[in-house]
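Participant: Just the structure for this:
(one chain, ligands or ions: 1)
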Amino acid sequence: QSMDDVKPSTPLVSFLEILQHTAFNTFGNSNFDPKTYVDLPLKFPLSVTDHAFHNLSKSSTGSVSVHDLNRFIETYFHAAGHDLVYSDPEDFVPEPDGFLPKVKNPEVRAWAIKVHSLWKNLSRKVSSEVKTHPNYHTLLPVPGSVVIPGSRFREVYYWDSYWVIRGLLVSKMYKTAKSIVTNLISLIEEYGFVLNGARAYYTNRSQPPLLSAMIYEIYARTGDIELVKRSLPALLKEHEFWNSDIHKVNISDAQGCTRTLNRYYARWNKPRPESSTMDKASASKFTTVSEKQHFYRELASAAESGWDFSTRWMRHPPNFTTLSTTSVIPVDLNAFLLGMELNIAFFANVTGDNRTAEHFLQISDVRKEAINSVFWNANMKQWLDSWLSNTTHEVQVWDTLHQNQNVFASNFVPLWMKPFYSDALLVSNVLKSLKTSGLLRAAGVATSLSDSGQQWDFPNGWAPLQHMLVEGLIKSGLEEARSLAEEIAIRWITTNYIVYKKTGVMHEKFDVEHCGEFGGGGEYVPQTGFGWSNGVVLAFLEEFGWPEDRKIEC
Ligand SMILES: OC[C@H]1O[C@H](O[C@H]2O[C@H](CO)[C@@H](O)[C@H](O)[C@H]2O)[C@H](O)[C@@H](O)[C@@H]1O
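Facilitator: The predicted structure is shown next:
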């Protein structure tokens, strides 16, 4: 690992991180959210603020009096979120023509209309202040309006946007959907890839690559060929990013064939600024600088995976300090890249660029073979993540023992991709395996079978995971697969609804062991709003409807 692998931070992020530590020492742990501090917009130049901060009188432990710190923050900062203002989506109508025709039950229909109306609460645009003084903000100035996940996630996120867009398409809000894509493309133009989210502290990593899938879905509904033409150069750039040296691994498989696959790898070896107080505490068991740096990279790389955090990335679960994200070749990432390659081929084809189409079809074939050869486990009938025996750039020799035999929802994600869902024999095998996996629970599909206290583990269920599995099953065209898909969707919709009825809000994650309970665990309190949950509820209701006489109860 070299310093080239680390993106420079900005002076503002570094300053706010120090403020975060001071706030932690001053206010204490209870109700403390470190992200709030790195989201604070400056009122004055950083030099002025920094000077005032240094003049605060501090104890030997780095704390300030609660009164002085509160006064300092009020004087020198706007509230977190002040710089991303509400924006009324111009394509929103309270009940679009032809909205969810198959949802007949009045109670479910009224709720679906409510969920649809939440797009208004979650629509934002960057305030003009950010354009005037970009140095006063960690928020990055994207050009159009976006939909945020909600609560503490007050900026656009990469992979969340896919399910937000799926919901917006059900809501017939095509302009808003296209605006999100335009913003994500602007990040590629500026940084060479889609950032984890539109914040200065997210420039060292991406998130699961689903931009091409967003464009595919929008094109399928609107036929907007101009959008496809505009997107193609950005997608080619994004493909290069994921195939750069740090993200690429070569494996010599059981037949001695060299296969190239990809992994998550953040360009960062320090605490994540948005969780700096926690990361420092977690790294305290390491003594050397290089051990700490290594651990910090594993943390940030897990954040790139979207599964932050999970036993999936731990060499010795549930020991958090054994996080080894960069030593895992992840099934889902490679399935997403296969999807990206097929989508690029499709877009190139519809825009008349036959050479690019040919090339991407070819590389998608090569990836499909690599996925079969490295991940597929014929006994378990699942695709398993594979551990790298070392993290050098040399060719690794594959061994079945390197496959991680623990069951994760991601082991079924390839089913979401055409080359796999169109193989009927494969689907019926995978279907049996899913049914006996232990992941199917009372209120949906569990993330894993390990109750580690991390949020991307049991008993949490997440909207994106439900959706990928359900859609893969449906697309197979097998009756038995559709019926399982519908069963999962009914359980998921039910729990979302019952929790909504109890709390008045939509949640980020759910406890799939207990219908009617939201999820927990992890490093921040459960969040509400919530972009991808809303999107998946709407997508499921569009697909399956809800008959008049079917009750909605746990
Ligand atoms: O602040 C901690 C981490 O929060 C984010 O991750 C979680 O929320 C995201 C937005 O809904 C979601 O995309 C991700 O899957 C969640 O685990 C953020 O993406 C992380 O980078 C950040 O460190």
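Participant: and this protein, which residues reach the ligand?
Facilitator: 35, 149, 153, 157, 159-160, 196-197, 272, 274-275, 303, 306, 308, 524 (C-beta under 6 Å from any ligand atom). Any C-beta I mention is one placed from the backbone N, CA and C, and that applies to glycine too.
Participant: Can I have the buried ones of the residues you listed as a ChimeraX selection?
Facilitator: Of the residues of the chain next to the ligand, the buried ones can be selected in ChimeraX as follows, counting by 16 or more other C-beta atoms under 10 Å:
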select :35,149,153,157,159,160,196,197,272,274,275,303,306,308,524
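Participant: right, and out of the residues of the chain next to the ligand, which lies closest to residue 255?
Facilitator: Distance ranking of the residues of the chain next to the ligand against residue 255, using C-beta to C-beta, places residue 306 first at 32.2 Å.
Participant: mind checking the SS state of the closest one?
Facilitator: Residue 306 falls in the coil class when you classify it by DSSP: H, G, I helix; E, B strand; the rest coil.
Participant: check contacts around it.
Facilitator: 159, 207, 208, 464 (C-beta atoms under 8 Å, 6 or more residues apart in numbering).
Participant: dump the residue contacts of residue 95.
Facilitator: For residue 95, the contact set (C-beta under 8 Å, 6+ apart) comprises 113, 116.
Participant: if we go to 6 Å?
Facilitator: Going by C-beta atoms under 6 Å, 6 or more residues apart in numbering, residue 95 touches residue 113.
Participant: can you tell me how far it sits from residue 86?
Facilitator: Per C-beta to C-beta, to the nearest Å, residue 95 is found 21 Å from residue 86.
Participant: What of residue 504?
Facilitator: Going from residue 504 to residue 86 by C-beta to C-beta gives 20 Å.
Participant: With residue 316 instead?
Facilitator: In terms of C-beta to C-beta, residue 316 sits 46 Å off from residue 86.
Participant: Residue 6 too?
Facilitator: Distance of residue 6 to residue 86, given as C-beta to C-beta: 36 Å.
Participant: And the two? Which one has more around it.
Facilitator: Using other C-beta atoms under 10 Å, the more surrounded residue of residue 6 and residue 86 is residue 6, with 18 against 11.
Participant: which residues of the stretch 101-250 of the chain fall in helices?
Facilitator: 106-122, 128-132, 158-170, 174-191, 211-222, 225-242 (DSSP state H, counting those that start in this stretch).
Participant: okay, those in CSV with distance to residue 537 next?
Facilitator: Putting the helices of the stretch 101-250 of the chain into CSV (distance: least, C-beta to C-beta, whole Å) gives the following:
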stretch, distance to residue 537
helix 106-122, 6
helix 128-132, 32
helix 158-170, 8
helix 174-191, 17
helix 211-222, 17
helix 225-242, 26
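Participant: Residue 417 is nearest to which of those?
Facilitator: Of all the helices of the stretch 101-250 of the chain, helix 211-222 sits nearest to residue 417, with 10.0 Å by C-beta to C-beta.
Participant: Name the surrounding residues that touch that closest one.
Facilitator: Applying C-beta under 6 Å, 6+ apart, the contact partners of helix 211-222 are 162, 165, 169, 174, 177, 181, 184, 194, 228, 231, 235, 339-340, 343.
Participant: same thing with stretch 40-60?
Facilitator: 11-12, 15, 64, 68, 72, 76-78, 80, 82-83, 136-137.
Participant: Sitting in helices, which of those do you find?
Facilitator: Residues of the contacts of stretch 40-60 located in helices (DSSP state H): 11, 12, 15, 68, 72, 76.
Participant: For the fourth one, give me its contacts.
Facilitator: In other words, residue 68. Contact partners of residue 68, counting by C-beta under 6 Å, 6+ apart, are residue 56.
Participant: Kindly report the same for the fifth one.
Facilitator: For residue 72, the residues meeting the contact criterion (C-beta under 6 Å, 6+ apart) are residue 56.
Participant: Please apply the same query to the second one.
Facilitator: Neighbour list for residue 12: residue 46 [criterion: C-beta under 6 Å, 6+ apart].
Participant: Against the ligand, how distant is it?
Facilitator: Per C-beta to the nearest ligand atom, to the nearest Å, residue 12 is found 18 Å from the ligand.
Participant: Equivalent analysis for the third one, please.
Facilitator: If you measure residue 15 against the ligand using C-beta to the nearest ligand atom, the figure is 19 Å.
Participant: Read off the pLDDT value for that residue.
Facilitator: Predicted confidence (pLDDT) for residue 15: 98.
Participant: switch to numbering from 31
Facilitator: Okay, using 31 as the starting number, the last item reads as residue 45.
Participant: and it, how many neighbours?
Facilitator: 18.
Participant: At which residues are the strands of this structure located?
Facilitator: 114-116, 153-156, 176-177, 278-282, 288-292, 358-359, 406-407, 412-413, 416-417, 426-427, 470-471, 474-475, 490-492, 539-541 (DSSP state E).
Participant: Check those strands for me and report the most buried one.
Facilitator: Mean neighbours per residue, mean count of other C-beta atoms under 10 Å, is largest over the strands of the chain for strand 176-177, with a mean of 29.
Participant: now what about that strand, what contacts it?
Facilitator: 152, 153, 154, 186, 194, 210, 213, 561.
Participant: which ones are touching the last one?
Facilitator: Residue 561 is in contact with 177, 179, 190, 194, counting by C-beta under 6 Å, 6+ apart.
Participant: go with 7 Å
Facilitator: Residue 561 is in contact with 152, 177, 178, 179, 180, 190, 193, 194, counting by C-beta atoms under 7 Å, 6 or more residues apart in numbering.
Participant: quick check, nearest of the residues you listed to the ligand?
Facilitator: Comparing these against the ligand with C-beta to the nearest ligand atom places residue 179 closest, at 4.0 Å.
Participant: The closest one and residue 188 touch, don't they?
Facilitator: No - applying C-beta atoms under 7 Å as the test, residue 179 and residue 188 come out as separate, 10.9 Å apart.
Participant: picking that back up, just put the contacts of stretch 70-90 in CSV and tack on distance to residue 548.
Facilitator: Formatted as CSV, the contacts of stretch 70-90 follow (distance: C-beta to C-beta, whole Å):
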residue, distance to residue 548
41, 38
42, 34
45, 35
94, 35
98, 37
102, 35
106, 36
107, 31
108, 30
110, 23
112, 28
113, 29
166, 35
167, 31
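Participant: Narrow these to those that are buried.
Facilitator: Neighbour counting over those (16+ other C-beta under 10 Å) leaves 42, 45, 94, 102, 106, 107, 108, 110, 112, 113, 166, 167 as the buried ones.
Participant: which residue does the chain bring closest to the ligand?
Facilitator: When scored by C-beta to the nearest ligand atom, the chain has residue 333 as its residue closest to the ligand, at 3.5 Å.
Participant: confidence score at that residue?
Facilitator: Predicted confidence (pLDDT) for residue 333: 98.
Participant: what about the helices in the stretch 281-430 of the chain?
Facilitator: Under DSSP H, counting those that start in this stretch, the stretch 281-430 of the chain gives helices at 306-312, 319-334, 361-380, 384-405.
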